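Engineer: Fold the following, please.
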Amino acid sequence: MKNFKAGLYINQGTYKSFQPEKINKQWTLDNMELVSLLSQADRQLGRLDMYSEYIPNIDLFISMHIAKEATKSSKIEGTKTNIEDALLDKDDVNEEKRNDWEDVQNYISALNSAIENLKKLPFSSRLIKETHKTLLTGVRGKHKLPGEFRSSQNWIGGASISDATFIPPTFDSVNDYMSDIEKFAHSEEFYFPDLLKIALIHYQFETIHPFLDGNGRVGRLMITLYLVEKGILKKPTLYLSDFFERNRTLYYDNLMRVREKNDITQWFKFFLVGVVETAKNSIETFDGVLKLQKEVENKIQVLGSRSNNAMLIINQLFNKPIIDAQLANQITKLSLPSVYKLIKELEELKILEEITGGKRGKLFMFKEYLELFK
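Structural biologist: All right, here's what the predicted structure looks like:
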């Protein structure tokens, strides 16, 4: 983009904070490589969005996408929970892993509630604050003003502000900057392609760092919310945290490059490559899910009259691929001896695999399905 200026470092006495330029203005795109990447990204998103119409029970699979997104986005912030742990109930999680598990569960709740809130709220500071409140309430960040913009200076990297990697703008300017983001998101006066718009919004949000904690997770979550609100995706099927986590150094370097060298183009390229790659991977996952569905349906035909109850369990497993006898009992309404027999048959068909190794409280995993999301 021509004449892009990221902002200025302002001397605050013992440190310098970065005051970004506002983004709600007319932008001119003059890079043909970027235009080509934008076209590819739009094409792949269109392909991905078709699955929202062709897969009848896509909401089942979206819950797994969200679980994956929650673990990947939280992993960038240092949590150790993997997708298998995220699917367990709290009582089944090791004591030392519970704080990480709770962070991931809050992320899942925050994303689900944000998508639901989009039905009555626009993409806005209010939506972002409510999402942040869900993210931090009752977990390690609960003392970091959940749902409120910060009222003190924060910093990124370093043990203290004096050796910080980056110091965001002063707290008294946060509301003004977030209002500018909101105006840009909904501006009809200044046209800009939506994918570049949300790329710029994400950069600006991370630069403002409006919360005391949880900025990275909320900032990544905003990408999906924006795409759904603008109708680019009918369902929340695209999550970039896996791409950002695998390219974590580039992710942070490209954000800093904008601030240090006014190079927004390189950030845009990185972001669009992420959209293209992630959309392609999501399409492959959905194709794998459809193929697995058919294979499993064929497998359980050997169960004869019990295949209907087996199918009830399978449908539950496509939503959450871990089950125990009690849940299977609730779903099928069979007696417990019949449930144990059915689970045993699903084990023999290589659909379920016991993962606890205990005699009591056994948990069974639909491993082949889980592997599609790893």
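Engineer: drop to CA atoms for contacts and neighbour counts, all remaining ones
Structural biologist: Noted.
Engineer: Do you have the strands of this structure handy? List them.
Structural biologist: Applying DSSP state E to the chain gives strands spanning 7-11, 16-20, 322-323, 353-354, 364-365.
Engineer: closest to residue 164 out of these?
Structural biologist: strand 16-20 (10.1 Å; C-alpha to C-alpha).
Engineer: Which other helices and strands does that closest one contact?
Structural biologist: strand 7-11, helix 194-208 (3 or more C-alpha pairs under 8 Å, 6 or more residues apart in numbering; DSSP states H and E).
Engineer: Count the residues that sit near residue 99.
Structural biologist: By the measure other C-alpha atoms under 10 Å, the count of residues near residue 99 is 17.
Engineer: From residue 25, how far out is the residue most central in space within the chain?
Structural biologist: Residue closest to the mean C-alpha point of the chain, counted by C-alpha atoms, centre = their mean, is residue 69 at 3.8 Å. Distance of residue 69 to residue 25, computed by C-alpha to C-alpha, to the nearest Å: 32 Å.
Engineer: Just name the most buried of the helices and strands packed on strand 16-20.
Structural biologist: Neighbour counts (mean count of other C-alpha atoms under 10 Å) averaged over each of the helices and strands packed on strand 16-20 peak at helix 194-208, with a mean of 21.
Engineer: Run the angle between that one and strand 16-20 for me.
Structural biologist: Counting by axes from the mean of the first three to the mean of the last three C-alpha atoms, to 10 degrees, helix 194-208 lies at 160 degrees to strand 16-20.
Engineer: returning to what we had before: columns distance to residue 161 and mean pLDDT on top of the strands of the chain, output as CSV?
Structural biologist: Listed next are the strands of the chain as CSV, based on distance: least, C-alpha to C-alpha, whole Å; pLDDT from 0 to 100:
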stretch, distance to residue 161, mean pLDDT
strand 7-11, 13, 96
strand 16-20, 10, 97
strand 322-323, 44, 96
strand 353-354, 49, 96
strand 364-365, 46, 96
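Engineer: okay, those in JSON lines with distance to residue 296 next?
Structural biologist: As requested, those are exported to JSON lines (distance: least, C-alpha to C-alpha, whole Å):
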{"stretch": "strand 7-11", "distance to residue 296": "56"}
{"stretch": "strand 16-20", "distance to residue 296": "53"}
{"stretch": "strand 322-323", "distance to residue 296": "16"}
{"stretch": "strand 353-354", "distance to residue 296": "14"}
{"stretch": "strand 364-365", "distance to residue 296": "14"}
